[in-house]
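Enquirer: The sequence and its predicted three-dimensional model are supplied below.
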Amino acid sequence: MPGVTREQIDRAKQWDLLSYLQTYEPGELKKTGPREFCTVTHDSLKISNGKWHWTTRGFGGRTALDYLIKVRDMPFVEAVRTLCGESAPVLSQPVTRPPEPPRAFVLPETARCATAAVSYLQYRGIDSEIISRCMKAGIFYESKKYHNCVFVGKDKEGKARFACMRGTMGDYKADAPGSDKRFNFCLPSSDPSSGLLAVFESPIDALSLATLRKAKHTAWDKCNYLSLGGTAPLALLQFLKDHPEIKRVYLCLDNDKAGLDGMARIEASIQGDPELKGRALTVERKPPPATHGKDYNELLRAKLDEQPAPARGTKERSFER
């Protein structure tokens, strides 16, 4: 191609996005999980497992070259030369593009049968009755096109406002375009007046603790199970404002640095929110024990490996594991 050689192009393609940003734009990186990052400019642009995906725009790639061209609008030749060290990269300079118009939220089309999605949750140890409740509530189904698990979040009027997808094969994770993160996935209590709320980083962790509590014959369905889609407090703050009956919040985020730091930020966010001032709320940290992994699904699967057929026991009265 005029302006660059094939050798330069091949060399430029060797840069993955994480390595490029760590080298040239460390201030543009924000860690969101043990092995996941987003960019400061676009918090919906996720980087993990050697790949990146801009969830709100619906595209991604593997290389830094893809990123410079597709996200930063850099001409191909300039992007190649930048990655070959022949021109200085623009460090953390905002992209001059018009604001993105809000995208209409559309749920992925539903598959006629949810065989792959249900099998995946069962493989992860989730109880069949709990899966069935989610499907009947319209908050879990299988997508038609890619057969992903789809977890739906609804507002207080019951309108779908959010959806996240989890691949039944591989590590695919993404939010549906136009999703409003204030209304994340929640398995509601069977008692609408329940004052209990357990909070997690992902829908599967939420369903995992519900499964663990059901196996112990606790009143597992008298609690609301809310996913945050990470560690940000946005969905929790919205849920508390929409549900004044909540009196006790259990923070069940991962037992790792990101999760522990997230719980501290959530506590500070609740205390600092003017709409929640004076509200009688008890907030407790309930991460899973570090002896069985970092999250509640790892705990569930470890427990199932130890005791495949849960023993019948007396009901526990507390929320404790």
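Expert: That came through fine.
Enquirer: What's opposite the residue lying closest to His42 once chain neighbours are set aside in the beta bridge?
Expert: Nearest non-adjacent residue to His42, counting by C-beta to C-beta, 6 or more residues apart in numbering: Trp54, 6.4 Å away. In this view, the C-beta of every residue, glycine as well, is placed from N, C-alpha and C. Here Trp54 sits in beta bridges with Leu45, Phe59, going by DSSP bridges.
Enquirer: Number the chain from 151, please
Expert: Will do, 151 is the new start, and the previous item becomes Trp204.
Enquirer: which residues touch Trp204?
Expert: His192, Ser194, Leu195, Lys196, Gly210, Val221 (C-beta atoms under 8 Å, 6 or more residues apart in numbering).
Enquirer: separation between the nearest residue to the second one once chain neighbours are set aside and Val190?
Expert: Once its chain neighbours are removed from consideration, Ser194 has its nearest residue in Thr206; the separation is 4.3 Å (C-beta to C-beta, 6+ apart). Distance check for Thr206 against Val190: by C-beta to C-beta, to the nearest Å, it reads 15 Å.
Enquirer: These two: who's more crowded?
Expert: More crowded of Thr206 and Val190, by other C-beta atoms under 10 Å: Thr206, with 17 against 14.
Enquirer: Which helix or which strand is home to that one?
Expert: Under DSSP states H and E, no helix or strand contains Thr206.
Enquirer: Spatially central residue for the protein, please.
Expert: Geometric centre of the chain, nearest residue: Gly379, 2.9 Å, by C-alpha atoms, centre = their mean.
Enquirer: if you skip the residues just before and after it, what's nearest to Trp202?
Expert: What sits nearest to Trp202 in space, not counting adjacent residues and going by C-beta to C-beta, 6+ apart, is Leu167, at 4.8 Å.
Enquirer: Ok, Lys331 next?
Expert: Leu384 is the one closest to Lys331 (C-beta to C-beta, 6+ apart), at 5.3 Å.
Enquirer: ok, the one you found - contacts?
Expert: Lys331, Arg332, Leu378.
Enquirer: so what's the first one up against?
Expert: Counting by C-beta under 8 Å, 6+ apart, Lys331 makes contact with Phe312, Asp325, Gly379, Ala382, Leu384, Ala385.
Enquirer: Now do the phi/psi pair for the third one.
Expert: Read it as Gly379. Here is the backbone geometry of Gly379 (degrees, to the nearest 10): phi 70, psi 40.
Enquirer: now the fourth one
Expert: Here the main-chain torsion angles of Ala382 (degrees, to the nearest 10) amount to phi -70, psi 140.
Enquirer: Next up, the contacts around it.
Expert: Contacts of Ala382 (C-beta under 8 Å, 6+ apart): Lys331, Gly412.
Enquirer: run the last query once more with 10 Å
Expert: Going by C-beta atoms under 10 Å, 6 or more residues apart in numbering, Ala382 touches Thr182, Asp193, Lys331, Asn334, Glu351, Gly412, Arg415, Ile416, Ser419.
Enquirer: Provide a list of residues in contact with the residue lying closest to Arg185 once chain neighbours are set aside.
Expert: Using C-beta to C-beta, 6+ apart and skipping the chain neighbours, the partner closest in space to Arg185 is Ser198 (5.7 Å). Contact analysis of Ser198 by C-beta under 10 Å, 6+ apart lists Leu168, Thr182, Gly183, Pro184, Arg185, Glu186, Phe187, Cys188, Asp321, Lys323.
Enquirer: Which residue ranges of the stretch 201-350 of the chain form strands?
Expert: Remark: strands assigned in the stretch 201-350 of the chain by DSSP state E, counting those that start in this stretch are 201-204, 209-211, 290-292, 299-304, 310-316, 323-325, 336-337, 346-350.
Enquirer: Export these as CSV, with columns for mean pLDDT and distance to Thr265.
Expert: As requested, the strands of the stretch 201-350 of the chain are exported to CSV (pLDDT from 0 to 100; distance: least, C-beta to C-beta, whole Å):
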stretch, mean pLDDT, distance to Thr265
strand 201-204, 88, 26
strand 209-211, 86, 28
strand 290-292, 98, 7
strand 299-304, 98, 12
strand 310-316, 95, 15
strand 323-325, 89, 21
strand 336-337, 98, 21
strand 346-350, 98, 26
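Enquirer: picking that back up, ok, the residue nearest to Arg185 to Tyr217 distance?
Expert: Ser198 is 14 Å from Tyr217, by C-beta to C-beta.
Enquirer: same deal with Lys201?
Expert: Distance from Lys201 to Tyr217, by C-beta to C-beta: 11 Å.
Enquirer: Likewise for Asp277?
Expert: Asp277 is 41 Å from Tyr217, by C-beta to C-beta.
Enquirer: between the two, who's got more neighbours?
Expert: More crowded of Asp277 and Tyr217, by other C-beta under 10 Å: Tyr217, with 24 against 21.
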